[in-house]
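[1] Sequence and predicted structure are below.
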Amino acid sequence: MLRRTHDCGTLREGNLGETVVLAGWVDAFRSHGQGLVFVDLRDRAGVTQVVFDAEDATPELVEAGAKLRNEDVVAIKGAVRQRGKSNPKLPTGSIEVVVATLEVLAKTDNPPFIPGDADNLPAEETRLRYRYVDLRRPEMQRILRTRHRAARVARDYFDGEGFLEIETPILTRSTPEGARDYLVPSRVQPGAWYALPQSPQIFKQILMVAGCDKYMQICRCFRDEDPRADRQAEFTQIDCEMSFVDRDEVMGVMEGFVRTLWKEVLGVEVGPMDRVTYREALDRFGIDRPDRRFGLELVDISDLAAKTDFRVFTEALAKPSGVVKAIRVPGGADKLTRKKTDAYSEFVKDFGAGGVPVTKFTANGIETGIARFVEPIADELAERLGLSAGDTVLFAADTYRVATRALGELRLRVANDLDLIDESKWDFLWVYDFPMFEWIEESGRFHALHHPFTAPAESEAETLLGVDPTDIAAVEAIVSDGYDIVVNGSEIGGGSIRIHRPDMQRKVFELLGMNEREAKERFGFLLEALGCGAPPHGGIAFGLDRLVMHLCGTDNIRDVIAFPKTLNGADLMMQAPAGVSPEQLEELHIKSTWTGA
């Protein structure tokens, strides 16, 4: 076999006259007759035009070149010459290689699609079925290179900061971390099960107890929850933990990593990141991962709404924690039709709200929608919201939780509908001071907002230890030492200072509804470890897939994973999940209800 001397993306005018060997896939072919055939040869580095020219080659060689088709795998040997007409779209566009030797390494039988034809790609389902062809696309090769660079930058940065990369187990035990576990039956211990890790959370805390001081790992994690555009059941984290630190120290090191990553991969300088509290994020943006690249901020007008006789407002304000909030949509009077605002009312019902009252502000004052109800507060409303003629006002009225979330989600939809988002901007911020617990009515118990190992804020430690588990309001008021890092409305990392005292960890388990026996059975090893001298510690986990999504400019997480699952968790290429043989099940001491696809 010909041994290549260059890849298909590196030859330039400086190589003129050299004899080279290239290998790759046929990206395109053109026969001009009269003994002249042009072939674009592609590998992961790029494309080079090679020429079968009767003036320099035998008729047999030209004929062999004319028989090449898309995705055939070939190696060629020839001399580099100046291209007759340069192609400025290609880095190699000023040269071509005149073929003297051709070796056909593999013929391709009718490829399912042509990866070089970006304008005629099939549906995603077909691309995932033939992922080995899809990954040949230049865009997918670019994404894979970017992912590699991101992982390399992470390792280099954290190595420079004194972190040790340490692997943790994949086969572990089931622990409550907010999602369902993937379970693996044990053959040698009938009836017992492993779980795949949702994260290495407990192991990295154990490593801090073990004196490792600074840990990092690029690790696989598994959560049996419904996939979506920015989430997969199987995903990758850049996981970090540090000993003898407080929140500011952790955030400082991790902020430095993000700055380094954006600089190394994109050449973008990221400045100091703002920090906002969880409550401020909800108050202003209706969501704990706010996108601040546009306005449309939420404004509380409960005091003004109380002056009206609009029943939607008054009934909402009569509820415990009832509020009325509004957002100003500049120029909305012309841009938001009745059909669109009616659709908004349907949209917010998914978040528990009853609808979206609307009105418009014109040169003549408040008009249309609920104008007659808000007329008495028109001047105050205009001043509070900074209204100008032509603006639309959208309202939400309900409990704080429902109204805030509904209007926050609507804010994002309006921004997309009206093209208000500055896509060229990078908006980074930290969100902190999250509540430790959230009461879930359906289950009648508390849920840990981050995870059960998050410490309370330092000032809240004694409050936590003494709180009455039946006092829902008091428990929900406890603030954690957790923090998230957000870019452009997407959470790219989350972490916290961890509990390092066994008495505090037992109290958290109690508040989460675990009795002493259950806590010991499930987490006895952790409690024992904390009792053997645990340093104060904290860390974070970055979603590598989401980081690469942003670095590559895509909003689909499947684009940045080499072999992703579909929205229903299927691997279309491997045809997984699938049934297994009765013999395998018998070895594992389990039965299956699988009847076939």
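    It's in.

[2] Now do the buried residues in stretch 350-365.
    Within stretch 350-365, the residues that qualify as buried are 351, 353-362, counting by 16 or more other C-beta atoms under 10 Å. Every C-beta, even on glycine, is put in place using the N, C-alpha and C of the backbone.

[3] Now render these as CSV, adding secondary structure, distance to residue 215 and pLDDT.
    Rendered in CSV, the data for these read as follows (DSSP: H, G, I helix; E, B strand; the rest coil; distance: C-beta to C-beta, whole Å; pLDDT from 0 to 100):
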residue, secondary structure, distance to residue 215, pLDDT
351, helix, 39, 94
353, coil, 44, 94
354, coil, 49, 92
355, coil, 50, 94
356, coil, 48, 95
357, coil, 52, 96
358, strand, 52, 95
359, strand, 55, 95
360, strand, 56, 94
361, strand, 55, 92
362, strand, 60, 88
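
[4] what about the strands in the stretch 201-350 of the chain?
    214-222, 234-243, 274-277, 299-300, 322-329 (DSSP state E, counting those that start in this stretch).

[5] looking at those strands, which is closest to residue 509?
    In terms of C-beta to C-beta, the element of the strands of the stretch 201-350 of the chain nearest to residue 509 is strand 234-243, at 20.8 Å.

[6] related to what we said a few turns ago, can you add distance to residue 281 and give the buried residues of stretch 350-365 back as JSON lines?
    Formatted as JSON lines, the entries for the buried residues of stretch 350-365 read as follows, by distance: C-beta to C-beta, whole Å:
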{"residue": "351", "distance to residue 281": "16"}
{"residue": "353", "distance to residue 281": "19"}
{"residue": "354", "distance to residue 281": "24"}
{"residue": "355", "distance to residue 281": "25"}
{"residue": "356", "distance to residue 281": "21"}
{"residue": "357", "distance to residue 281": "24"}
{"residue": "358", "distance to residue 281": "25"}
{"residue": "359", "distance to residue 281": "27"}
{"residue": "360", "distance to residue 281": "29"}
{"residue": "361", "distance to residue 281": "27"}
{"residue": "362", "distance to residue 281": "33"}
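
[7] Just name the closest of those residues to residue 393, please.
    For residue 393, the closest of those turns out to be residue 359, at 5.3 Å, with distances computed as C-beta to C-beta.

[8] Excluding sequence neighbours, find me the nearest residue to that closest one.
    Ranked by C-beta to C-beta, 6 or more residues apart in numbering and with sequence neighbours excluded, the top spatial neighbour of residue 359 is residue 369, at 4.0 Å.

[9] still on that earlier bit, need the max-distance pair from the buried residues of stretch 350-365.
    Within those, 351 and 362 form the most distant pair, 29.6 Å apart (C-beta to C-beta).

[10] rewinding a little: could you give the number of residues near the residue nearest to residue 359?
    In terms of burial, residue 369 registers 19 neighbours under the definition other C-beta atoms under 10 Å.

[11] which stretch of helix or strand covers residue 494?
    Using DSSP states H and E, the secondary-structure element containing residue 494 is strand 490-497.

[12] about what we covered before: which among the buried residues of stretch 350-365 gets closest to residue 132?
    When the buried residues of stretch 350-365 are compared against residue 132 (criterion: C-beta to C-beta), the nearest one is residue 351, at 41.1 Å.

[13] Excluding chain neighbours, give the residue nearest to that closest one in space.
    Distances taken as C-beta to C-beta, 6+ apart place residue 406 nearest to residue 351, at 4.2 Å, with adjacent residues excluded.

[14] got a list of what residue 482 touches?
    For residue 482, the residues meeting the contact criterion (C-beta atoms under 8 Å, 6 or more residues apart in numbering) are 432, 434, 436, 449-450, 454, 494-497.

[15] got the CA coordinates for stretch 418-431 in CSV?
    Extracted as CSV, the C-alpha positions of stretch 418-431 are listed here (Å, rounded to 0.1, in the frame of the first residue of the first chain):
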residue,chain,number,x,y,z
LEU,A,418,-38.7,38.6,17.8
ASP,A,419,-35.0,37.8,17.1
LEU,A,420,-33.9,39.8,20.1
ILE,A,421,-30.9,37.6,21.1
ASP,A,422,-27.4,38.9,20.3
GLU,A,423,-25.9,35.6,19.1
SER,A,424,-22.4,37.2,18.9
LYS,A,425,-22.3,37.8,22.6
TRP,A,426,-20.9,35.6,25.4
ASP,A,427,-22.7,36.2,28.7
PHE,A,428,-21.2,34.3,31.6
LEU,A,429,-22.3,34.6,35.2
TRP,A,430,-22.4,32.6,38.5
VAL,A,431,-25.7,31.9,40.3
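
[16] what are the pairing partners of the helix or strand hosting residue 538, and which direction each?
    Using DSSP H and E, the element containing residue 538 is strand 537-543. Within its sheet, and counting by DSSP bridges, strand 537-543 is paired with strand 234-243 (antiparallel), strand 490-497 (antiparallel).

[17] Contacts made by it with the rest, please.
    The set of residues external to strand 537-543 that reach it, using C-beta under 8 Å, 6+ apart, is 154, 199, 204-205, 208, 215, 235-247, 250, 254, 257, 455, 481, 483, 485, 491-498, 500.

[18] Name the surrounding residues that touch the helix or strand bottoming out on mean pLDDT in the chain.
    Least confident helix or strand, the chain: strand 365-367 with a mean of 85, by mean pLDDT, DSSP states H and E. With C-beta under 8 Å, 6+ apart as the contact definition, strand 365-367 has outside contacts at 359-361, 374-375, 378, 381.

[19] how about a cut-off of 7 Å?
    Strand 365-367 is contacted from outside by 359-360, 374-375, 378, using C-beta atoms under 7 Å, 6 or more residues apart in numbering.
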